[in-house]
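In: what would the 3D arrangement of this be:
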Amino acid sequence: MRDLTPDRLSTDGTRGLLLAPDAVLTPDGLMDHYAAVVEGDTFRAVGPVQQVERTHPHLRPVRLPGYVLMPGFVDTHHHLTQSFGAALAFGEPSEIFRRVWVPLEGALDEEAVYVAAKLAALEALRGGFTTVAEAGTRASVDVELVAAAARDAGIRCVLGLVCNDLDGDTDTTLAAAEKHLARYGTEELVHPSLAISVPEAATERALARTARLAAEAGAVVQIHVNEHLAAVERSLVQHGLRPLEYLHEVGALGPQLLAAHATLLTPREVTLLADSGAAVSYNPVASAWKGNAVAPATTMAERGIRFGLGTDGTRGDAFRLAEAAEFAQRLTYGLATGDSSCGGGWTWLDRANRGGADAVGLSARTGTVTEGAAADFLLVDVDTPELRLSWDLPWELVRRGNRDQIDAVFVAGRLRLWRGRPVDWDGPALVRRAAELAQEVLLRAPVTRVHPTAAEGWAARP
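Out: Numbering: from 1, shown residues only. Next up is the predicted model:
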């Protein structure tokens, strides 16, 4: 019988939770008749169900017929404080940050920053993300507000601090970077990161020093790289080098770099990424909605380049992101070469969790269902019309899975969402307050759109 309730998934922290679903998605693939033990914030055992039950006789198994237990997804590129204006970017040409995001974030006060970030975190959790990499807010507030929103929502957050210094004091910027890395260095859910909007927004010294600081701290530096034609051209005019080439020139290209987008790459730049050990956030939905190109992700996989999948704040739906990752590769590269697989479903599932955790610097902590890893995971209902008649479940999760099938979301061993709703705070109340604040913010934000809204366009149609 399928009588699963949140109460059956609760633990008081003193006793573990032995979960026995139909299958567990492990680093070795989908394993039938496996079980996992959660104690505190960690997986204490993962293996064949009979073996796990035998070694943990004090725990009563929670039978989960019709469910798959899988790692939570990792969003390797997000802008949590842009959630009030997502649809403002629809149908707009590239580089909307100048006309939409900078004005919008500049109009946020402290309450609006907290609510916007928590709203984005809620959407991410609903979509199956247990970790998000926040690329740094442009709002002139303490980033602790974003950290607090992530903590209160119950999501793991790689928290970027913007270190642009072109129009400021470099020493002050670097001192703030060191303080940020120390401030969040021992947190459970919030992990520090540095961020530079684009390479041309920082001096050579800041680019090189933030790279070194992050490397020493085991953190990442998030930089938008080779995303739009305009950015590539600006770099060529200013430095005589493309953005990624420039990062290499100044000593900022290395394993600590998390390059967001990396869509416009020459063969030489692909080699630079491969040789440097840098990671990429492949953001296929962002490419479709506002980009100039799609990152060559299958080539990256073949070349051993580290990469995960990111939303860029477009929509917090992890299964649709995985589908978009495969779909974009098929349309842009696979059709032209007769590659009908484009990495296969396993590639995109793996990059959506384990690969993403590696890209954001958390491979030792999350992204897998393995003994000793953080218990960040999902219970996915596969007893559905979409997935019950399964012949290849990893492929089907990529192409047919959806967030409505995610019944439970756990982060750090705690049940955070049950069937789309937070279990220990009022999600609908947050959404209502966000709707109120968004109206106020947009009234004072000098946002400029190129195209009319859908309603305006509909009214003006011939």
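In: show me the residue at the heart of the chain, geometrically.
Out: In the chain, the residue lying closest to the centroid (Cα atoms, centre = their mean) is D75, at 1.0 Å.
In: is it in a bridge, and if so with what?
Out: Going by DSSP bridges, D75 is paired in beta bridges with V132.
In: looking at it, it is touching E134, isn't it?
Out: No: the criterion here is Cβ atoms under 8 Å, and D75 misses it with E134 at 9.3 Å. Quick note: C-beta positions are derived from backbone N, CA and C, even for glycine.
In: my guess is R320 contacts R399, does it?
Out: No: at 10.3 Å, R320 does not count as touching R399 under the criterion of Cβ under 8 Å.
In: these two - which one has more neighbours?
Out: R320 (21 against 16; other Cβ atoms under 10 Å).
In: so E95 lies in a helix, does it not?
Out: No: judged by DSSP: H, G, I helix; E, B strand; the rest coil, E95 forms no part of a helix; its state is coil.
In: shaky segments in the chain?
Out: For the chain, the stretches with pLDDT under 70 are 1-2, 11-14.
In: let's see 80
Out: For the chain, the stretches flagged by pLDDT under 80 are 1-3, 10-15, 94, 97, 461.
In: how many neighbours does A374 have?
Out: For A374, the count of nearby residues is 27 (other Cβ under 10 Å).
In: same question for A176.
Out: Count around A176 with other Cβ under 10 Å applied: 18.
In: alpha carbons of the helix or strand containing it, as CSV, please.
Out: For A176, the host element (DSSP states H and E) is helix 170-183. Below are the C-alpha coordinates for helix 170-183, written out as CSV (Å, rounded to 0.1, in the frame of the first residue of the first chain):
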residue,chain,number,x,y,z
THR,A,170,40.5,47.4,-5.3
ASP,A,171,41.9,47.0,-1.8
THR,A,172,38.5,47.5,-0.3
THR,A,173,37.0,45.0,-2.7
LEU,A,174,39.6,42.3,-2.0
ALA,A,175,39.2,42.9,1.8
ALA,A,176,35.5,42.3,1.5
ALA,A,177,36.2,39.1,-0.5
GLU,A,178,38.4,37.7,2.2
LYS,A,179,35.8,38.6,4.9
HIS,A,180,33.1,36.9,2.9
LEU,A,181,35.0,33.7,2.5
ALA,A,182,35.7,33.6,6.2
ARG,A,183,32.2,34.6,7.2
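In: quick check: what element follows that helix along the chain?
Out: Next along from helix 170-183, by DSSP H and E: strand 190-196.
In: neighbouring strands of that following strand in the sheet, and parallel or not?
Out: Strand 190-196 pairs in its sheet with strand 156-162 (parallel), strand 221-225 (parallel), by DSSP bridges.
In: these: which one's closest to A211?
Out: With Cβ to Cβ as the criterion, A211 lies closest to strand 221-225 of those, at 5.8 Å.
In: check what contacts the closest one and list those residues.
Out: 77, 133, 135-136, 160, 193-199, 210-211, 214, 231, 243-244, 247, 252, 256-262, 281 (Cβ atoms under 8 Å, 6 or more residues apart in numbering).
In: before we move on, what about stretch 295-302?
Out: Under Cβ under 8 Å, 6+ apart, the answer for stretch 295-302 is 261-263, 265, 270, 273, 280, 282-284, 287, 307, 325, 328-329, 333-334, 339, 342-343, 347, 351.
In: let's see that with 6 Å instead.
Out: Identification of contacts with stretch 295-302 by Cβ atoms under 6 Å, 6 or more residues apart in numbering yields A262, T263, Y282, F307, Q329, C342, G343.
In: in helices, which of those fall?
Out: Q329 (DSSP state H).
In: by neighbours, which of the contacts of stretch 295-302 wins?
Out: Top of the contacts of stretch 295-302 by neighbour count (other Cβ under 10 Å): Y282, with 35 neighbours.
In: domain parsing of the chain, as residue ranges.
Out: Domain segmentation of the chain under automatic domain parsing yields 6-71+369-422, 73-359.
In: the shortest one spans what distance, first to last residue?
Out: The straight-line separation of the ends of domain 6-71+369-422 (Cα to Cα, to the nearest Å) is 11 Å.
In: tell me how far it lies from the chain's centre.
Out: Centre-to-centre, domain 6-71+369-422 and its host chain are 21 Å apart (Cα atoms, centre = their mean, to the nearest Å).
In: change the start of the numbering to 24 and stick with it
Out: Okay, residue one is now 24; in that scheme the one you just asked about reads as domain 29-94+392-445.
In: number of residues surrounding G191?
Out: G191 has 14 neighbours, counted by other Cβ under 10 Å.
In: how close does it get to A231?
Out: 17 Å (Cβ to Cβ, to the nearest Å).
In: now swap in A482 and tell me
Out: Counting by Cβ to Cβ - A482 and A231 are separated by 53 Å.
In: settle it for me: which of those two has more neighbours?
Out: In terms of neighbours (other Cβ under 10 Å), A231 is the more surrounded of A482 and A231; the figures are 15 against 9.
In: element containing that one?
Out: Using DSSP H and E, A231 maps to helix 227-240.
In: need the contact partners of that helix.
Out: Helix 227-240 has contacts (Cβ under 6 Å, 6+ apart) with 186, 188, 193, 197, 200, 204, 217, 243-244, 273-275, 279.
In: of the residues you listed, buried ones?
Out: For these, a burial check counting by 16 or more other Cβ atoms under 10 Å picks out C186, D188, T193, L197, A200, L204, L217, V243, V244, V273, A275, Q279.
In: would you turn these into TSV with distance to D430?
Out: Converted to TSV, the buried ones among the contacts of helix 227-240 look like this (distance: Cβ to Cβ, whole Å):
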residue	distance to D430
C186	40
D188	46
T193	49
L197	46
A200	40
L204	37
L217	36
V243	32
V244	37
V273	48
A275	43
Q279	37
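In: of the residues you listed, which is the nearest to G443?
Out: Closest to G443, out of all of those and judged by Cβ to Cβ, is V243, at 30.2 Å.
In: ok, the closest one touching L217?
Out: No: under the criterion of Cβ atoms under 6 Å, V243 is not in contact with L217, lying 7.7 Å apart.
In: got a ChimeraX select line for the buried ones in the contacts of strand 244-248?
Out: Here is the ChimeraX command that selects the buried residues among the contacts of strand 244-248 (16+ other Cβ under 10 Å):
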select :100,156,158,159,183,216,217,218,219,220,221,222,233,234,237,254,266,267,270,275,279,280,281,282,283,284,285,304
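In: how much space is there between the closest residue in space to R411 that isn't next to it in sequence and W414?
Out: In this structure, R411 finds its nearest non-sequential neighbour in V405, 6.8 Å apart by Cβ to Cβ, 6 or more residues apart in numbering. As for V405, its distance to W414 is 13 Å (criterion: Cβ to Cβ).
In: okay, the two: which has more neighbours?
Out: Neighbour totals were compared for V405 and W414, and V405 leads with 19 against 6 (other Cβ under 10 Å).
In: and the more buried one, how far is that from P29?
Out: Separation of V405 from P29 (Cβ to Cβ): 20 Å.
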